[in-house]
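> okay, here's the prediction I keep looking at, along with the sequence it came from:
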Amino acid sequence: MKVFKEINVPLEHREITLANKAKWFTWSDEMLALSEKIETEAKRHGPPDAISFKTIDKGKTYSVNLKRLDTSFCKTILQISDCIGKIKMRDELHFYNDMIGDNLSSEAFQFLIACIRADLSTRKGDEMGALYPPLSTASTNNTFPIHCDFYFPVHLWNIFDEVPEGNQGMSLLLPVDVLLNKIIKQIPNFPRDKETHIRNLFKGKVVNNDHAYYDLFSMLHGRENWWAEDIETAIEKHVLSIKLNRGQGYMVNDRKWLHGRGFTADAVTIKRLHRLLF
Ligand SMILES: [Fe+2]
């Protein structure tokens, strides 16, 4: 089974992705042949369940009870999730196109991702081993500076759905390597202990994702730090900005890439994007 196939860079993104040697993918022909079946099963099932974790307060993930699925469809889901579970990303940046839209409705995409999440977490024997967390919404005129999510699983697959028109709400991406070895190094007198602390966040296994997330976020963007402006200027110089539209998205290793959202005048709705962590 092949879930994705490589495609040419969409015209509107040619300039930016050539420079970064990123690959673009879309659904494979096998997946496209299954789309009608996925739509039917999604309609039959209804929206995925939003389940809470026992281990983390306020943590939620969308999921599907696979036992409720038709046996042959369930087998197909297991094949798809087996393929996705085998993906190993290190420094690569993968973009996606046409994942939602004419090929697959938002509802069917959500249902599919929730099914994949259910199977991958079962395979890992860990309810946090694969996640499809609901997005945090935001009111008008906001940005979300670059950060790492630091969820337990390292692969982050974001596919956009309800995005504002025009060049607002750009996706921001920055290699961790650039942050550690260029940006921080460029700031004269950046405190050595803070640098070590940031480096250590990327080493070893995350034991408390919330803690690591806030730790990095406050060190990079906390206005109380004297280096906040310097770091902001340096980030602007190195960050890759790309406007991803409905059905487009990216997959990265969350410990190798920081991500964020550029300014958007429109509110961020819960359907802005769907994300799978595995
Ligand atoms: Fe994030």
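Yes, it's here.
> what is the rounded mean pLDDT of the lengthiest strand in the chain?
When the chain is parsed with DSSP state E, its longest strand is strand 257-264. The predicted model assigns strand 257-264 a mean pLDDT of 92.
> just the buried positions in it, please.
For strand 257-264, the neighbour count (16 or more other Cβ atoms under 10 Å) marks 257-262, 264 as buried. C-beta coordinates here come from the backbone N, C-alpha and C atoms, glycine included.
> quick one: the helix or strand following it to chain centroid distance?
Toward the C-terminus, strand 257-264 is succeeded by strand 273-277 as the next helix or strand (DSSP states H and E). Between the centre of strand 273-277 and the centre of its chain there are 5 Å (Cα atoms, centre = their mean, to the nearest Å).
> next: stretch 178-190.
25 Å.
> just the mean pLDDT for that stretch, thanks.
If you average the pLDDT over stretch 178-190, you get 95.
> i'd like the first residue to be 345 from this point on
Got it, first residue is 345 now, which makes that one stretch 522-534.
> residue ranges of the helices in the stretch 345-494 of the chain, please?
Secondary structure of the stretch 345-494 of the chain (DSSP state H, counting those that start in this stretch): helices located at 358-364, 373-389, 415-429, 450-468.
> Leu524 touches Arg543, doesn't it?
Yes - counting by Cβ atoms under 8 Å, Leu524 does reach Arg543; the two are 6.2 Å apart.
> anything in contact with each of these two?
Counting by Cβ atoms under 8 Å, 6 or more residues apart in numbering, Leu524 and Arg543 have no common neighbour.
> using CSV, write out every CA atom in the longest strand of the chain.
This file holds the C-alpha atoms of strand 601-608, laid out as CSV (Å, rounded to 0.1, in the frame of the first residue of the first chain):
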residue,chain,number,x,y,z
TRP,A,601,11.8,22.2,12.9
LEU,A,602,10.1,25.0,14.7
HIS,A,603,6.7,26.1,13.3
GLY,A,604,4.4,29.0,13.7
ARG,A,605,1.7,31.2,12.2
GLY,A,606,2.2,34.7,10.7
PHE,A,607,-0.1,37.6,11.3
THR,A,608,-3.8,37.0,10.5
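> follow-up on the earlier one: so which of the helices of the stretch 345-494 of the chain is nearest Thr484?
helix 450-468 (22.3 Å; Cβ to Cβ).
> quick one, helices of the stretch 495-622 of the chain?
Here the stretch 495-622 of the chain has its helices, by DSSP H, counting those that start in this stretch, at 520-522, 528-530, 536-545, 553-565, 572-582.
> so for the fourth one, what gets flagged as buried?
By 16+ other Cβ under 10 Å, the buried positions in helix 553-565 come out as 553, 556-557, 559-561, 563-565.
> same question, the second one
By neighbour count, and taking 16+ other Cβ under 10 Å as the criterion, the buried residues in helix 528-530 are Ile528.
> and stretch 452-459, what's its mean pLDDT?
On average, stretch 452-459 scores 97.
> swap that for stretch 383-399, please
In this model, stretch 383-399 carries a mean pLDDT of 89.
> ok, now stretch 613-622?
Stretch 613-622 shows a mean pLDDT of 92.
> put the alpha carbons of it into CSV.
What follows is stretch 613-622 as a C-alpha-only set of coordinates in CSV (Å, rounded to 0.1, in the frame of the first residue of the first chain):
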residue,chain,number,x,y,z
THR,A,613,-11.2,28.7,13.8
ILE,A,614,-11.0,25.2,15.1
LYS,A,615,-11.1,24.0,11.5
ARG,A,616,-8.0,26.0,10.4
LEU,A,617,-6.0,22.8,10.3
HIS,A,618,-6.0,19.2,11.1
ARG,A,619,-2.9,17.8,12.8
LEU,A,620,-1.7,14.3,13.4
LEU,A,621,1.2,13.6,15.7
PHE,A,622,2.7,10.2,15.5
